[in-house]
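Novice: got a sequence here, can you build the structure:
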Amino acid sequence: MNYKFLHKVLDQIVRETRIDYDGEIQFPFSPFPSSFRSPPFSPLISFPVPPLIFTKHCEDVYGLNGDEVGYVWNEYKQIISDKLKNNG
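Specialist: Residues are numbered from 1 along each chain as shown. Alright, predicted model coming up:
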């Protein structure tokens, strides 16, 4: 795996994720916002494997394969969860 490229993909997806700390999060790979509540809850934590919409986004936009998508997904979940826990 080309981790340098995967981290660029990860950075881009994180930058495109919009978090309204009043309770809403807009993912770049989904047309619909998700809500979260206090204590911080990430709608991502409930997905041990990437949801199909995330996988399709990574394959179509960045040309990633299954292993690469899994790596980016795990890193992305952690980053977004940390942002929600720390309010940014």
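Novice: residues in contact with the residue most central in space within the chain?
Specialist: Nearest to the geometric centre of the chain sits Tyr76, at 4.3 Å (CA atoms, centre = their mean). Neighbouring residues of Tyr76 by CB atoms under 8 Å, 6 or more residues apart in numbering: 10, 13-14, 44, 54. Where you see a C-beta, it was placed from the backbone N, CA and C, and this is true even at glycine.
Novice: lowest pLDDT pick from these?
Specialist: Minimum pLDDT across those is recorded for Leu44, with 64.
Novice: kindly reformat the contacts of Tyr76 as JSON lines containing secondary structure and neighbour count.
Specialist: Compiled in JSON lines, the contacts of Tyr76 are given as follows (DSSP: H, G, I helix; E, B strand; the rest coil; neighbours: other CB atoms under 10 Å):
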{"residue": "Leu10", "secondary structure": "helix", "neighbour count": "20"}
{"residue": "Ile13", "secondary structure": "helix", "neighbour count": "23"}
{"residue": "Val14", "secondary structure": "helix", "neighbour count": "14"}
{"residue": "Leu44", "secondary structure": "coil", "neighbour count": "21"}
{"residue": "Phe54", "secondary structure": "helix", "neighbour count": "22"}
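Novice: any stretches of the protein with poor pLDDT?
Specialist: Within the chain, the stretches with pLDDT under 70 are 33, 35-48, 88.
Novice: that one: strands as residue ranges?
Specialist: For the chain, strands defined by DSSP state E occupy the ranges 18-20, 24-26, 34-35.
Novice: adding mean neighbour count and distance to Lys4 as columns, could you present the ones you listed in a markdown table?
Specialist: A markdown table is the format used below for these (neighbours: other CB atoms under 10 Å; distance: least, CB to CB, whole Å):
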| stretch | mean neighbour count | distance to Lys4 |
| --- | --- | --- |
| strand 18-20 | 13 | 26 |
| strand 24-26 | 15 | 27 |
| strand 34-35 | 12 | 30 |
